[in-house]
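Peer 1: Structural data only, the sequence is not supplied:
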């Protein structure tokens, strides 16, 4: 089996621990170098065994089997499987593999003594597993989890955890791109849904939906067919894109300054701001096509297809009014008396906001197409889906 080594969402996530904030506060404000702080922090929070930590050879000689104990009887694609491990000794007693390390009381066995591999999951440092999110990958195999004792490779065990699809989403919303300034939003993307009921080693009736949006590769939704209601279970919405925001109004011009003199001339009024442009209309809703088997056309009823138009964009903001011109400076008259300064010009008025764009038109009604079961997904069928079809054909 190939070891899965890709990074998962759990890698590098620090646990929240009491006293972490005060620990950092004490060292940050005592001026330790950053490297020293990092080293102390890592050592203080680490629960990993020291380098060279190994099991007792006498204990290893007594181990005849490994028990893999998962917390769940079934597991959802993309979820975590909490897992414990036990060594079964020749006398039938069991010794647990510890998940953490206490230097004052070192455990007899630790999960680092195990090689943990799976084609469908990624092992974590504490012994848990993160399952692959692709439901098709495990439709016929389940999640195969293997643990092998490093000091005695002949001691190995594999468990198969059946998939559970109850946690998978079954409501999907797609939308067109929003419009540019003052422009109409894009139409909602066209989507095609292919539905069929097959059979797997874990479900006598397995509902499979392949959903393709535009030219993107399809993705799949699986569910126990006995748990799917007869109508409106799979919700698909292809909404038109939002209309673009209206273009902002132009700023009013500033008034010119008044001429100095006696009498001084008042400043000219500022120009009014321009009105904001109208928001763009929302895009049209997309088309949703449904393809179902010839012998089960009512399967289309579980799809609730919605194609609303996009919302209109907000109107553009009105432009600010221009500043009034500064009043002219008063000069002196013939009697050498200073004339008063003139008043400043009035500021211009701000422009009005533009109107909101109109709601986009709804998309066309969905079309239901029937086809032979083997042709529902076309010619390029994923291998895992092909295996499900083969099981259906072999059924007496």
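Peer 2: Everything's here; your move. Not measured: the values here are computed from a predicted model. Numbering: from 1, shown residues only.
Peer 1: rest of the way, CA atoms for contacts and neighbours
Peer 2: Will do.
Peer 1: Walking through the stretch 51-200 of the chain, point out its helices one by one.
Peer 2: All helices of the stretch 51-200 of the chain, identified by DSSP state H, counting those that start in this stretch, fall at 57-62.
Peer 1: any idea how far the nearest residue to residue 129 once chain neighbours are set aside is from residue 130?
Peer 2: Spatial nearest neighbour of residue 129, chain neighbours left out: residue 123 (4.5 Å); criterion: C-alpha to C-alpha, 6 or more residues apart in numbering. Residue 123 sits 6 Å away from residue 130 when distances are taken as C-alpha to C-alpha, to the nearest Å.
Peer 1: neighbour count winner among these two?
Peer 2: A direct count of neighbours by other C-alpha atoms under 10 Å for residue 123 and residue 130 places residue 123 higher, at 24 against 21.
Peer 1: Please tell me how far the more buried one sits from residue 116.
Peer 2: Distance of residue 123 to residue 116, given as C-alpha to C-alpha: 6 Å.
Peer 1: How about residue 314?
Peer 2: From residue 314 over to residue 116 (counting by C-alpha to C-alpha), the distance is 55 Å.
Peer 1: Residue 70 now?
Peer 2: As for residue 70, its distance to residue 116 is 14 Å (criterion: C-alpha to C-alpha).
Peer 1: re earlier: would you confirm that the residue nearest to residue 129 contacts residue 132?
Peer 2: No - under the criterion of C-alpha atoms under 8 Å, residue 123 is not in contact with residue 132, lying 11.0 Å apart.
Peer 1: between residue 70 and residue 116, who's got more neighbours?
Peer 2: Taking other C-alpha under 10 Å, residue 70 and residue 116 do not tie; residue 116 has more neighbours (25 against 19).
Peer 1: For the more buried one, which non-adjacent residue is spatially closest?
Peer 2: Counting by C-alpha to C-alpha, 6+ apart, residue 116 lies nearest to residue 147, which is 4.6 Å off, once chain neighbours are set aside.
Peer 1: what number of residues lie near that neighbour?
Peer 2: Neighbours around residue 147, by other C-alpha under 10 Å: 23.
Peer 1: close enough to count as contact, residue 111 and residue 99?
Peer 2: Yes - look at residue 111 against residue 99 with C-alpha under 8 Å: they come within range, at 5.9 Å.
Peer 1: Overlap of the contact sets of those two?
Peer 2: Here residue 111 and residue 99 have 126, 127 as joint contacts, going by C-alpha atoms under 8 Å, 6 or more residues apart in numbering.
Peer 1: Which pLDDT value does the model give residue 143?
Peer 2: With respect to pLDDT, residue 143 scores 97.
Peer 1: any idea how far residue 323 is from it?
Peer 2: Distance from residue 143 to residue 323, by C-alpha to C-alpha: 71 Å.
Peer 1: Could you do residue 361 as well?
Peer 2: Counting by C-alpha to C-alpha, the gap from residue 361 to residue 323 is 43 Å.
Peer 1: Looking only at neighbour counts, state which of these two leads.
Peer 2: Ranked by neighbour count (other C-alpha under 10 Å), residue 361 and residue 323 place residue 323 first, with 23 against 20.
Peer 1: The more buried one is in contact with residue 269, isn't it?
Peer 2: Yes - contact criterion C-alpha under 8 Å: residue 323 and residue 269 qualify, at 7.4 Å.
Peer 1: which residues do these two both contact?
Peer 2: Common neighbours of residue 323 and residue 269 (C-alpha under 8 Å, 6+ apart) are 254, 255, 345, 346, 347, 348.
Peer 1: where does this structure have low pLDDT?
Peer 2: Applying pLDDT under 70 to the chain flags residues 1-47, 393-396.
Peer 1: Please repeat the previous calculation with a cut-off of 50.
Peer 2: Along the chain, segments meeting pLDDT under 50 span 1-46.
Peer 1: ok, now which residue in it is the farthest from the centroid?
Peer 2: Here the chain reaches farthest from its C-alpha mean at residue 335, the gap being 81.8 Å by C-alpha atoms, centre = their mean.
Peer 1: what secondary structure does that one sit in?
Peer 2: Following DSSP: H, G, I helix; E, B strand; the rest coil, the label given to residue 335 is coil.
Peer 1: Distance check, it against residue 329.
Peer 2: To residue 329, residue 335 is 17 Å away according to C-alpha to C-alpha.
Peer 1: got the contact list for residue 225?
Peer 2: Residue 225 makes contact with 197, 205, 206, 207 under the criterion C-alpha under 8 Å, 6+ apart.
Peer 1: which one of those sits closest to residue 49?
Peer 2: residue 206 (44.6 Å; C-alpha to C-alpha).
Peer 1: returning to what we had before: return the closest of the shared contacts of residue 323 and residue 269 with respect to residue 298.
Peer 2: So of the shared contacts of residue 323 and residue 269, ranked by how close each gets to residue 298 (C-alpha to C-alpha), first place is residue 348, at 66.2 Å.
Peer 1: Assign that closest one to helix, strand or coil.
Peer 2: With three-state DSSP as the criterion, residue 348 reads coil.
Peer 1: what's the burial count for it?
Peer 2: 21.
Peer 1: Please apply the same query to residue 109.
Peer 2: 23.
Peer 1: what's near enough to touch residue 242?
Peer 2: For residue 242, the contacting residues are 176-179, 184-186, 281-283, 310-313, by C-alpha under 8 Å, 6+ apart.
Peer 1: let's see it at 6 Å
Peer 2: Shown in contact with residue 242 (C-alpha atoms under 6 Å, 6 or more residues apart in numbering): 178, 185, 282, 310, 311, 312.
Peer 1: Which of those residues sits closest to residue 389?
Peer 2: Closest approach between the contacts of residue 242 and residue 389, by C-alpha to C-alpha: residue 310, at 39.1 Å.
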